[in-house]
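All I have is the shape, not the residue letters:
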């Protein structure tokens, strides 16, 4: 029994080293700069790819020397640190003081740009590096049970890195200044210490640790272009579980998650991912700030707090209606391709509005809103496949599935806020994704549910009209909700929660209600997506689907009623048109996202409307 326990224990501790290197870097960056860097996995991938090419293609003889092989790994880490310095100078320092959500989306754009840049430079193929010289064998830990020597080395490395960081932060002047910067940068600046070099140093060290973590994977697995997102999601789990800003919390959480992952693989292989995210969800449900985290001070307020709704007494509302319906009608007359593209945009618009209602009115950020989109899609598809339900009944089942999960999950989720809520929602989405992938008997796994006939050629026009009507209705309901007593109280609770509670409003109940209502609308959008596509795959619950919703909200303007319409049209059109003739369109989209988040964090519609207001004001003063 002890022997069977020992091997997964060692595997878990070895995996924890990689998680800690990533989490320590991300924690250090967040602690000093207050930026949640979603692109952290890109530096992990850069360190792995650069080191792998160094010892396989550029200088293959280095793989025969332990010293030179280690030097290649160090070069990978140094390169990641230098790229991190460039990113800090070009992008991150322009995001200091910006609300966390804008930082997340901007750094997601950075992920897209760096991914395509590395694909262009290194090529799309996997790179298999040789074993590390002198550590190629295995150690017998029990009769007929062997543990790789390299993993034993990395197992020891994790605690050493933690001790080194702990000593640096507590025993050196530089470390004490870093700690001071995490607590009060303004006071540090008032004492004559320039915080900018400290923030740059934190990014360089954090990215270097990520690059080292990627390089250390080479003797265990090939370097490839899917390493970034897969590792950063698990890193976020560790950071949030340990507590944002706590290096020791990240170390303990890395041990916990590493062991859960290892024993899950050994005893519950089909539920491993579910167990990892459930562990985080349980920790946050009991202790919302993580194991050793402290309640975060209120972050920067949104740039535009007032929710902009065109007045029905003016012509602006009619202009928006015409500007929205006109392109849809033109798309219907432009052929099948444009009809399908318009349907994609309308569904994405409804999905985005479901998230916008939470964010703009309630101040609730979800990084896993795809969970409810997927529940709606699978509920609709399964009810049609199993019971031959028609479209209205199948959509009702999809909405009910999303509502049922939201009623249970929302009670715990709304107790959190900011990044913690975003990560809890991401945990739910990953659980739904893992369930859809592994429950093959019900969902078909990666083969999906195909051949749905909820919409036929005869009913396509009716379905398109239904999409247009529902999209318009979603906008109008959100506008009416924002002007209602409930919407006003939600916005007051977002900006001044203590004053709102003192006025007699139940802030927890209001947040719970908007969370559930948002989930139902996301479920409806997911059901319409299943009907439109005629199929459902696990990707509907992926991180990319959740990010699509965030992108359309922020590109158009989170506090603009018609902002999601602009964002969904922009994202759908760019993805379709750039993808037809430009292989690196995702990188171009990432650059565009970064530019918008830096220059117009209130969104394109907010930028245009603000410019028009300034022009009108200037004209009035002449």
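Looks like it came in fine. Because the structure is a prediction, the values reported are computed rather than measured.

now this structure, which segments are flagged as low pLDDT?
Along the chain, the model assigns pLDDT under 70 to residues 1-4, 183-185, 266, 270-271, 294-306, 311-317, 416-418, 578-581, 606-622.

Could you pull up phi and psi at the residue nearest to the spatial centre of it?
What sits nearest the mean C-alpha location of the chain, by Cα atoms, centre = their mean, is residue 367, with 5.2 Å. Note on residue 367: backbone dihedrals following degrees, to the nearest 10 are phi -110, psi 10.

likewise the one 10 residues further on?
Residue 377 adopts backbone torsions of phi -70, psi -50, taken as degrees, to the nearest 10.

Repeat that for residue 191.
Residue 191 adopts backbone torsions of phi -90, psi 0, taken as degrees, to the nearest 10.

Disregarding residues adjacent in the polypeptide, which is nearest to the residue nearest to the centre of the chain?
residue 422 (3.8 Å; Cβ to Cβ, 6 or more residues apart in numbering). (Each C-beta comes from the backbone N, C-alpha and C, glycine too.)

my guess is the one you found contacts residue 365, does it?
Yes - here residue 422 reaches residue 365: they are 4.8 Å apart, a contact under Cβ atoms under 8 Å.

Now do the same contact list for the residue lying closest to residue 165 once chain neighbours are set aside.
For residue 165, ignoring the flanking residues on the chain, the nearest one in space by Cβ to Cβ, 6+ apart is residue 247 at 5.5 Å. By Cβ atoms under 8 Å, 6 or more residues apart in numbering, the contact set of residue 247 is 24, 27-28, 162, 165-166, 169.

Buried members of those residues into PyMOL, please.
To isolate in PyMOL the members of those that are buried, counting by 16 or more other Cβ atoms under 10 Å, one can use:
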select buried, resi 24+27+28+162+165+169
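
Make JSON lines from the contacts of residue 247 and add secondary structure and distance to residue 499 to it.
Below are the contacts of residue 247 laid out as JSON lines (DSSP: H, G, I helix; E, B strand; the rest coil; distance: Cβ to Cβ, whole Å):
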{"residue": "24", "secondary structure": "helix", "distance to residue 499": "39"}
{"residue": "27", "secondary structure": "helix", "distance to residue 499": "33"}
{"residue": "28", "secondary structure": "helix", "distance to residue 499": "35"}
{"residue": "162", "secondary structure": "helix", "distance to residue 499": "42"}
{"residue": "165", "secondary structure": "helix", "distance to residue 499": "40"}
{"residue": "166", "secondary structure": "helix", "distance to residue 499": "41"}
{"residue": "169", "secondary structure": "helix", "distance to residue 499": "37"}
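
And the strands in this structure, which stretches?
Under the criterion DSSP state E, the chain contains strands at 138-142, 145-148, 449-450, 535-536.

tell me the most buried of these?
Among these, ranked by average contacts under mean count of other Cβ atoms under 10 Å, first place goes to strand 535-536 (a mean of 23).

Now do that one: which elements does it pack against?
helix 370-387, strand 449-450 (3 or more Cβ pairs under 8 Å, 6 or more residues apart in numbering; DSSP states H and E).

from the ones you listed, which stretch is densest packed?
helix 370-387 (a mean of 27).

Work out the gap between that helix and the centre of the chain.
Distance of helix 370-387 from the chain centroid (Cα atoms, centre = their mean, to the nearest Å) equals 23 Å.

helices or strands next to that helix in the packing?
helix 391-413, helix 418-438, helix 440-443, strand 449-450, helix 507-533, strand 535-536, helix 543-556.

TSV for those, including distance to residue 257?
Supplementary listing: the helices and strands packed on helix 370-387 in TSV, determined by distance: least, Cβ to Cβ, whole Å:
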stretch	distance to residue 257
helix 391-413	19
helix 418-438	12
helix 440-443	26
strand 449-450	32
helix 507-533	26
strand 535-536	30
helix 543-556	17
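
quick one: which of those is nearest residue 37?
helix 418-438 (11.5 Å; Cβ to Cβ).

So what angle separates the directions of the closest one and helix 370-387?
Orientation of helix 418-438 against helix 370-387 (axes from the mean of the first three to the mean of the last three Cα atoms, to 10 degrees) gives an angle of 30 degrees.

Give me the packing partners of helix 418-438, helices and strands only.
Counting contacts by 3+ Cβ pairs under 8 Å, 6+ apart, helix 418-438 packs against helix 100-122, helix 227-242, helix 272-286, helix 370-387, helix 391-413, helix 440-443, helix 543-556.

so how far is it off the chain centroid?
Centroid separation between helix 418-438 and its chain, computed with Cα atoms, centre = their mean, is 10 Å.

the inter-axis angle of that helix versus helix 227-242?
Per the same axes, to 10 degrees, the angle that helix 418-438 makes with helix 227-242 is 120 degrees.

and helix 418-438, which residues are buried?
418-438.

returning to what we had before: so which of the helices and strands packed on strand 535-536 comes closest to residue 477?
helix 370-387 (17.2 Å).

related to what we said a few turns ago, for the residue nearest to residue 367, give its distance to residue 240.
9 Å (Cβ to Cβ, to the nearest Å).
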